[in-house]
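Colleague: Pasted the sequence and its predicted model underneath.
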Amino acid sequence: MPHPLLDFAPEVAQAIQDRRPLVALESTIISHGMPYPQNVETAREVESLIRLSGAVPATIAVIAGRLKAGLSDDELEILGTDKAVQKISVRDLPMTVAMGGHGATTVATTMRVAALAGIRVFATGGTGGVHRGAGQTFDISADLMELARTPVAVVSAGVKSILDIGLTLEYLETQGVPVIGFGAGGFPAFYSRESGFGAPLMVEDASGVARALFAQWSLTLPGRTGGGVLIANPIPAEAEISRAEIDPVIEQALSDMAERGIKGKDTTPYLLGRIVEITGGRSLTANIALVRNNAVVAAQIAAELQAIETASGQGD
């Protein structure tokens, strides 16, 4: 039965009825990840790429207190231009719904709503993780906990470069989250194809990932829903900013943030925006390229997973 607080866009509802592959998309990247109009243009372009790759896009958000799986053009414009749109993680979701507000969903919240909608594959830019200095601040993204408990596969360019990637991988291992390097042995670092850390697992193509996802969710213990999977897809080589180039930029952005006393959920939007400023827009170009690439890969995986589930009788 559909959730009483969840609305499906007509295209998404039809795809569910026709058993076509679906790909969820987050909305924080629209409201807080990029400036206008690149944010809305990128959102529309990414949706188009998913359609061209054989799947149906379902951008997730909260509009006027309603959970949305798929957005209209007007709703995309609200997310891209309305300064009242809040960046909401899982803890913020009930209040945003109760107060009838607009909310742009983080990775964690997008996973939660996607799972309610029955969508198994989700494309984003980069996931959250363990922040640098977390030994003192305990600043660990809710994205990691959601990956541990919600059965959605997240296709991303690794975790954001501003994080402590080593500790993030350790945390995911402790939580039992499979981390799959897509076609690469190294774990990517958002703007860079290599982070200096290896990917715990590696799969060469979308078919292999889909088989791994099917196995992950088939092996769930009775009474449990199973957890998520992180698929680390490196940024295209032509759009990469090397670690040697981006690391000093990140350090400068972190120093600037500390001087301004910015903390909590405002840190990531500030840092990404400051990095855009320091790189003269090059990081924004890289961000757009990796999001596009992740969307195409996610669509391929969703199509393969749909085929496996149909063949097994689970898609009936």
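Modeller: On my side now, so go ahead.
Colleague: Using CSV, write down the CA coordinates of stretch 308-316.
Modeller: The C-alpha trace of stretch 308-316 is given here as CSV (Å, rounded to 0.1, in the frame of the first residue of the first chain):
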residue,chain,number,x,y,z
ILE,A,308,17.3,-10.3,-12.2
GLU,A,309,14.2,-9.7,-9.9
THR,A,310,11.8,-10.3,-12.8
ALA,A,311,13.6,-13.5,-13.8
SER,A,312,13.5,-14.7,-10.2
GLY,A,313,9.8,-14.0,-9.8
GLN,A,314,10.4,-11.2,-7.3
GLY,A,315,9.4,-8.6,-9.9
ASP,A,316,5.9,-10.0,-10.3
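Colleague: Tell me the buried residues in that stretch?
Modeller: 308-309 (16 or more other Cβ atoms under 10 Å). C-beta coordinates here come from the backbone N, C-alpha and C atoms, glycine included.
Colleague: So which residues make contact with it?
Modeller: For stretch 308-316, the external contacting residues (Cβ atoms under 8 Å, 6 or more residues apart in numbering) are 19, 210-211, 214, 306.
Colleague: can we see that at 10 Å?
Modeller: 19, 21, 120, 207, 210-211, 213-215, 217-218, 305-307 (Cβ atoms under 10 Å, 6 or more residues apart in numbering).
Colleague: Could you measure from residue 275 over to residue 33?
Modeller: Computed as Cβ to Cβ, to the nearest Å, the residue 275 to residue 33 distance reads 11 Å.
Colleague: Spit out the residues that contact those two alike.
Modeller: The contact lists of residue 275 and residue 33 share 284, 287, where a contact means Cβ under 10 Å, 6+ apart.
Colleague: what about the residue lying closest to residue 21 once chain neighbours are set aside, how many neighbours?
Modeller: Among residues not flanking residue 21 along the chain, residue 302 sits closest, at 3.7 Å (Cβ to Cβ, 6 or more residues apart in numbering). Neighbouring residues of residue 302 were enumerated by other Cβ atoms under 10 Å; the total is 30.
Colleague: Repeat that for residue 145.
Modeller: 16.
Colleague: State the three-state secondary structure for the residue nearest to residue 21.
Modeller: helix (DSSP: H, G, I helix; E, B strand; the rest coil).
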